[in-house]
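Peer 1: next comes the sequence, and after it the predicted model I'd like to discuss.
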Amino acid sequence: MKTEGASKLRRALQGMCPDGACQVTNRQLFEALGLETEPEKARLRRRIDTLVRRKELIRISPGVYRYNADAAPKRNGEGYKRVWRAIRSSKPGWGYVDLARITRMSYTMVRRYCNWLDDEGYIAAVGRNGNTRLYRATQKAKSTQRTPYPPITKDPFEAERGAACRIVRLMMESNPSQKGCAKKIVNDCQLLLRRFGGEKEGGSNDQHKD
């Protein structure tokens with residue numbers, strides 16, 4: 001499950017259940033992800049079912065879950081190794097589809113990895129076969145036996161996404177009039193304001209003077 005929709009769901013779950021102890025419902029996820037139509041909600045339910053099957057979500061009762069971060073997918077180290085070995089052993093003139101077939105890895109994974117390798121100088125384009133761009137391993141790749149890994153990029157809005165998800169959860173399952181709940185909501189709102197409060201539309205806050 002590596003689609004953008006799946007990534008959004010996982011980020012929402014990690015934000016709403018940072019400690020893995022709380023529960024989250026379908027309704028809360030619909031609200032957190034801004035889903036309004038039935039087709040959108042149906043797609044989310046299918047993604048949720050996938051996470052339940054892989055034990056990343058523990059179903060407590062119908063429509064109620066607990067997030068199990070320990071079951072979240074880890075870095076695909078073996079996949080990178082297989083693609084890297086194929087690149088170094090293949091003759092010039094291979095494409096992404098060729099590598100995906102040889103290594104039995106997904107086309108998307110191969111394409112993203114090769115784009116990074118191209119930027120880093122490990123592979124270079126040698127021409128085209130129709131619309132397919134063909135590549136070769138560079139001298140840098142031939143002299144690098146150990147698999148190079150792309151950096152793991154941290155979500156720059158991780159804290160803010162978590163705050164937004166917590167606000168939704170508190171509003172949906174708690175009593176905002178209680179001081180403890182209200183304080184948590186205010187704290188998370190302040191976190192969002194610190195990040196986004198200074199971003200004004202041009203001239204929207206200018207006071208007009210006669």
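Peer 2: Received the coordinates, thanks. Residues are numbered from 1 along each chain as shown.

Peer 1: contacts and neighbour counts: CA atoms only from here.
Peer 2: Fine.

Peer 1: just list what the longest helix along the chain packs against, helices and strands only.
Peer 2: As assigned by DSSP state H, the longest helix anywhere in the chain is helix 179-196. Contact here means 3 or more C-alpha pairs under 8 Å, 6 or more residues apart in numbering; DSSP states H and E; on that basis helix 179-196 packs against helix 158-173.

Peer 1: okay, buried residues for the helix or strand of the chain with the lowest mean pLDDT please.
Peer 2: Every helix and strand of the chain was ranked by mean pLDDT, DSSP states H and E. The lowest is helix 4-16, at a mean of 78. Of the residues in helix 4-16, 6, 9-16 count as buried by neighbour count, 16 or more other C-alpha atoms under 10 Å.

Peer 1: could you measure from the residue positioned nearest the centre of the chain over to residue 146?
Peer 2: Central residue of the chain (C-alpha atoms, centre = their mean): residue 7, 3.5 Å from the mean position. For residue 7, the distance to residue 146 equals 29 Å [C-alpha to C-alpha, to the nearest Å].

Peer 1: doesn't residue 86 make contact with residue 99?
Peer 2: Yes: applying C-alpha atoms under 8 Å as the test, residue 99 and residue 86 come out as touching, 6.8 Å apart.

Peer 1: wait, residue 15 touches residue 167, no?
Peer 2: No: counting by C-alpha under 8 Å, residue 15 stays clear of residue 167, with 9.9 Å between them.

Peer 1: and this structure, what are its domains?
Peer 2: 4-72+156-196, 77-142 (automatic domain parsing).

Peer 1: end-to-end on stretch 146-161?
Peer 2: Termini of stretch 146-161 sit 36 Å apart (C-alpha to C-alpha).

Peer 1: how about residues contacting it?
Peer 2: For stretch 146-161, contacts defined as C-alpha atoms under 8 Å, 6 or more residues apart in numbering pick out 11-12, 15, 80-81, 84, 113, 116, 191-192, 195.

Peer 1: now do stretch 10-25
Peer 2: Outside stretch 10-25, the residues touching it (C-alpha under 8 Å, 6+ apart) are 29, 32-33, 63-69, 158, 161-166, 169.

Peer 1: ok, of the buried residues of helix 4-16, which one's closest to residue 129?
Peer 2: Nearest to residue 129 out of the buried residues of helix 4-16 is residue 6 (C-alpha to C-alpha; 33.5 Å).

Peer 1: residues touching that closest one, list them.
Peer 2: For residue 6, the contact set (C-alpha under 8 Å, 6+ apart) comprises residue 47.

Peer 1: skipping adjacent residues, who's closest to residue 140 in space?
Peer 2: residue 122 (5.6 Å; C-alpha to C-alpha, 6 or more residues apart in numbering).
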